[in-house]
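Asks: quick one, structure for this:
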Amino acid sequence: MKEPTESEGLDPAFLKLAVPLLIGAMAVMFDTTIVNVAIDTLSRELNASVSTTQWVISAYVLALAMVIPVSAWAMDRFGAKQTWIGALALFAVGSMLSSLAWNIEALIAFRVLQGIGGGLMLPVLQTLLVNAAGPRNLGKMMSLVSLPALLGPILGPVIGGLILSQLSWHWIFWVNIPFCVAGLVLAWRNLAPTAPKKSSHLDVVGLALLSPSLAAMIYGLSQAGNHGGFGNSAVLLPVGIGAALLAGFVVHALRAKLPLLDLRLFAVRSFTASNVLLFLSGLSVYGAMLLLPLYEQQVRGQSALAAGLLLAPQGLGMLLTRGYAGRLTDRIGARPIVLVGFLLTMAGTLAYTQAGVNTNELLLGASLVVRGAGLGAVTIPVMAGAYLGLKPNQVPHASIATRITSQLGGAFGAAVFALILQTQLAAQAAGGLVGRATAFDNAFWWSIGLTALAIIPALFLPGRREVASIRAEQAQKLATQVGDVRG
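Replies: As a prediction, the model looks like this:
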């Protein structure tokens, strides 16, 4: 593929590759946010407790996390196109079976199938598009790749609310099927087949250490809210087991010739800074995403559908800065964009630290636009910074690492803020509805403080000088290769 220049942007060949991948990815992004709003309905309809029904989400997330480390080996063993089509087909089958589930146990089992498909899809998508875009267009590429991730939180709760208010819960899984079918047809027609590598090697020991460690830590963190904090054995035991397995994987990976995940990537400063920020975004991004709909429902008495609509301005703000953030990242590096993005995110959250029962919705909506603009300016440069300066054969390992870090950060952020909110609500219980509003105000202050903490690793992201240096080095290598060919 011809590498486009900065002035040309992303070429048609790249877009021909990206469109089928992004359409398939829409199914995964919509599914997660739609199911989140259906837990109460599923609990009633399937005669299960909320704690049991929550496994509809937890089982999916755990399966997704466990299979992510296998994606690089699967691309080598079966080819990237074949892996993508197989994973998307598995996700579609899991969706259809979930819609036909006859009890909560069957639904949880079918959600595991969906999680396996989704866990393979996302690293494959990132790997294919990063390698196809080239180093000069990482920002533009990430602005395109992030589109499903932005639209999911905007449209997912609204679509889920509409379905649950008009149709049965079975239809929340049928929504995925048109995206899956369109994605499969387009991928079959447009994606170039890649030859499997006969020498592909699966690090079985690494897989036996890394995948269970991720599942154990995410499960343990998810129990923090149910057991009153991180000090309970239900939290400490699985997190401790997961941490021990992860430490064992690190020792193994540093010694293995062909490890499941190449930890030498963390010697690259921008890659390490990006992964730290991806984890911390679980505190600043996922935490507030938990608080915002709950504030609308528990303080202002809004329905799930109304809460989804009232949060749409945040998605609008993210869309407004998405393209600019991508282009500027390619020109001046990730660091200045991310720093400005964090400041906007904190400014947009500030109104919620003062919000009460009757705070003006226009003020809150405008604040969400600012907050969304900040999040859009953070997400794209951070992801682009993770790939800057990496070789093509390192990209699959980078995709695995970034997905793992995002999953752990999201689980940790949700657990931390569920605990913060629970503690604040208990402390303000005597104040009634006003006390509840105060509890949310205090929780949003925590969100601002933890977002400010993320500014520290952002200082280690590449700036204009580092981007220019890496490009000069790549140009020199290209000139040397051309000279060798001519010679």
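
Asks: so, low pLDDT: which residues of the protein?
Replies: Filtered on pLDDT under 70, the chain yields the residue ranges 1-11, 50-51, 133-141, 143-154, 198-200, 225-226, 228, 284-286, 304, 466-487.

Asks: can you tell me the centre-most residue of it?
Replies: Nearest to the mean C-alpha position of the chain, by Cα atoms, centre = their mean, lies Ser406 at 5.5 Å.

Asks: just the element for that one, please.
Replies: Ser406 is part of helix 395-427, with elements assigned from DSSP states H and E.

Asks: helix or strand right after that helix?
Replies: Moving toward the C-terminus from helix 395-427, the next helix or strand (DSSP H and E) is helix 432-453.

Asks: and the gap between Leu263 and Leu254?
Replies: Applying Cβ to Cβ, to the nearest Å, the value for Leu263 to Leu254 is 6 Å. For glycine as for every other residue, the C-beta is placed from the backbone atoms N, C-alpha and C.

Asks: these two - which one has more neighbours?
Replies: Taking neighbours as other Cβ atoms under 10 Å, Leu263 and Leu254 compare with Leu263 leading, 16 against 10.

Asks: which ones are touching the closest residue to that one other than its chain neighbours?
Replies: In this structure, Leu263 finds its nearest non-sequential neighbour in Ala253, 4.9 Å apart by Cβ to Cβ, 6 or more residues apart in numbering. Taking Cβ atoms under 8 Å, 6 or more residues apart in numbering as the criterion, Ala253 is in contact with 206, 259-263.

Asks: map the structural domains onto the sequence of this protein.
Replies: As assigned by automatic domain parsing, the chain contains the domains 10-141+154-191, 203-259, 266-487.

Asks: buried residues in the host helix or strand of Leu316?
Replies: Under the criterion of DSSP H and E, Leu316 resides in helix 312-332. Within helix 312-332, the residues that count as buried by 16 or more other Cβ atoms under 10 Å are 312-319, 321-322, 324-330, 332.

Asks: helix, strand, or coil at the residue nearest to Leu263?
Replies: Here Ala253 is helix, with the state taken from DSSP: H, G, I helix; E, B strand; the rest coil.

Asks: for the one 5 residues further on, same thing?
Replies: Following three-state DSSP, the label given to Leu258 is coil.

Asks: just how off-centre is stretch 78-93 within its chain?
Replies: Centroid separation for stretch 78-93 versus its chain: 20 Å, with Cα atoms, centre = their mean, to the nearest Å.

Asks: returning to what we had before: got the angle between whatever helix or strand comes next after the helix holding Leu316 and helix 432-453?
Replies: Later in the chain than helix 312-332, the nearest helix or strand by DSSP H and E is helix 334-350. Here helix 334-350 runs at an angle of 170 degrees relative to helix 432-453 (axes from the mean of the first three to the mean of the last three Cα atoms, to 10 degrees).

Asks: what helices and strands are in contact with the helix or strand just after helix 334-350?
Replies: Where DSSP H and E defines the elements, the next helix or strand beyond helix 334-350 is helix 361-387. If contacts are counted by 3 or more Cβ pairs under 8 Å, 6 or more residues apart in numbering; DSSP states H and E, helix 361-387 sits against helix 138-166, helix 269-281, helix 304-310, helix 312-332, helix 334-350, helix 395-427.

Asks: which one of these lies nearest to Val130?
Replies: helix 395-427 (5.0 Å; Cβ to Cβ).

Asks: return the set of buried residues in the closest one.
Replies: For helix 395-427, using 16+ other Cβ under 10 Å, the buried residues are 395-422, 424-425.

Asks: what of stretch 189-201?
Replies: In terms of neighbour count (16+ other Cβ under 10 Å), stretch 189-201 has its buried residues at 191, 194, 196.

Asks: what does stretch 212-224 give?
Replies: Neighbour counts over stretch 212-224 (16+ other Cβ under 10 Å) mark 212-224 as buried.

Asks: tell me which of the residues you listed fall in strands.
Replies: Counting by DSSP state E, no part of those is found in strands.

Asks: so which of the residues you listed are in helices?
Replies: The members of the buried residues of stretch 212-224 that map onto helices under DSSP state H are 212-222.

Asks: can I get those in CSV including distance to Ala273?
Replies: Output for these, formatted as CSV (distance: Cβ to Cβ, whole Å):
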residue, distance to Ala273
Pro212, 28
Ser213, 23
Leu214, 22
Ala215, 27
Ala216, 27
Met217, 22
Ile218, 23
Tyr219, 28
Gly220, 26
Leu221, 23
Ser222, 27
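
Asks: quick check, nearest of those to Ser233?
Replies: Closest approach to Ser233 among these (Cβ to Cβ): Gly220, at 10.0 Å.

Asks: next, the contact list for the closest one, please.
Replies: Going by Cβ under 8 Å, 6+ apart, Gly220 touches 234-240, 242.

Asks: list only those of the residues you listed flagged as buried.
Replies: 235, 238-239, 242.

Asks: show me which of these is closest to Met26.
Replies: Using Cβ to Cβ, Gly242 is the member of those that lies nearest Met26, at 30.9 Å.

Asks: which secondary structure element is home to that closest one?
Replies: helix 233-255.

Asks: relative to helix 395-427, how tilted is that helix?
Replies: Using the same axes, to 10 degrees: helix 233-255 against helix 395-427 is 160 degrees.

Asks: show me how far helix 233-255 is from its chain's centre.
Replies: Using Cα atoms, centre = their mean, the offset of helix 233-255 from its chain centre is 22 Å.

Asks: for stretch 335-353, same thing?
Replies: With Cα atoms, centre = their mean, you get 19 Å for stretch 335-353.

Asks: pull out the buried residues from that stretch.
Replies: Going by 16+ other Cβ under 10 Å, stretch 335-353 has these buried residues: 335-342, 344-346, 348-349, 351-352.

Asks: tell me which two of the contacts of Gly220 sit farthest apart.
Replies: Ala234 and Gly242 (13.3 Å).
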